[in-house]
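Participant: Please work out how this folds:
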Amino acid sequence: MELQHEARLYPDKVRIESEPHTRLAALRRDNLEQVIARLRVQGRVPRVCRYALSVGGHWPSNSLDAAAAFAVLNSWKVGGEKKTFTDHHGSPDPELRAGWCEVRNQIRAGYADGVVVTTTSVISRNADEYERQLHWFHMHCAFVAVIAPTAYTGRL
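Facilitator: Model prediction:
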């Protein structure tokens, strides 16, 4: 509110708005580090699911393989096919996607400590929705790991 008032009073002043993905990347990273540290103190190896979107009906093997390699590189336990979830590209609301709901069920049930995705856009391109998902993971003492956190589009 104060910024809007200032903008009306000083219309020629240059204003720089913060990029939401920078703040969300820090939020995601901080939560990931806290969860990993807690698990390591407990003597546990983090267990992760892999999640990807398929395009045109093609199985997203490259994205899922990259997620597995990223998890192994970080010394996390990668679940097999029972911990691999996909959805068809298209639905903007992750909570309406069956695969994403299964990832959250794995977290809620205590079968996984986090999920690995290739980019943030796999979860949501909408910053507010992505933030809601990050908060959900934080509330459930779980993390989201992103292989290419600054990439919005592309193929892995």
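Participant: can you give me the strands for this structure?
Facilitator: Using DSSP state E, the strands assigned to the chain run over residues 47-54, 77-78, 84-88, 114-117, 143-146.
Participant: between those, which one is nearest to E33?
Facilitator: Closest approach to E33 among the strands of the chain (CB to CB): strand 143-146, 8.5 Å. Where C-beta positions appear, they are placed from N, C-alpha and C, glycine not excepted.
Participant: Ignoring the adjacent residues along the chain, who's closest to F70?
Facilitator: The spatially closest residue to F70, leaving aside those adjacent along the chain, is I147, at 4.9 Å (CB to CB, 6 or more residues apart in numbering).
Participant: Contact partners for that neighbour?
Facilitator: 66-67, 70, 116-119, 156 (CB atoms under 8 Å, 6 or more residues apart in numbering).
Participant: same check, this time on R38
Facilitator: Listed by CB under 8 Å, 6+ apart, the contact set of R38 reads C141.
Participant: Could you export stretch 55-68 as PDB, CA atoms only?
Facilitator: Output of stretch 55-68 as PDB, limited to C-alpha atoms (Å, rounded to 0.1, in the frame of the first residue of the first chain):
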ATOM      1  CA  VAL A  55       4.600 -34.200 -23.200                       C
ATOM      2  CA  GLY A  56       2.700 -35.700 -26.200                       C
ATOM      3  CA  GLY A  57       2.200 -39.000 -24.400                       C
ATOM      4  CA  HIS A  58       6.000 -39.700 -24.200                       C
ATOM      5  CA  TRP A  59       7.400 -41.100 -21.000                       C
ATOM      6  CA  PRO A  60       9.700 -38.500 -19.500                       C
ATOM      7  CA  SER A  61      12.700 -40.900 -19.100                       C
ATOM      8  CA  ASN A  62      15.400 -38.200 -19.600                       C
ATOM      9  CA  SER A  63      13.900 -36.000 -16.800                       C
ATOM     10  CA  LEU A  64      13.300 -39.000 -14.500                       C
ATOM     11  CA  ASP A  65      16.900 -40.300 -15.100                       C
ATOM     12  CA  ALA A  66      18.300 -36.900 -14.400                       C
ATOM     13  CA  ALA A  67      16.300 -36.700 -11.200                       C
ATOM     14  CA  ALA A  68      17.700 -40.100 -10.200                       C
END
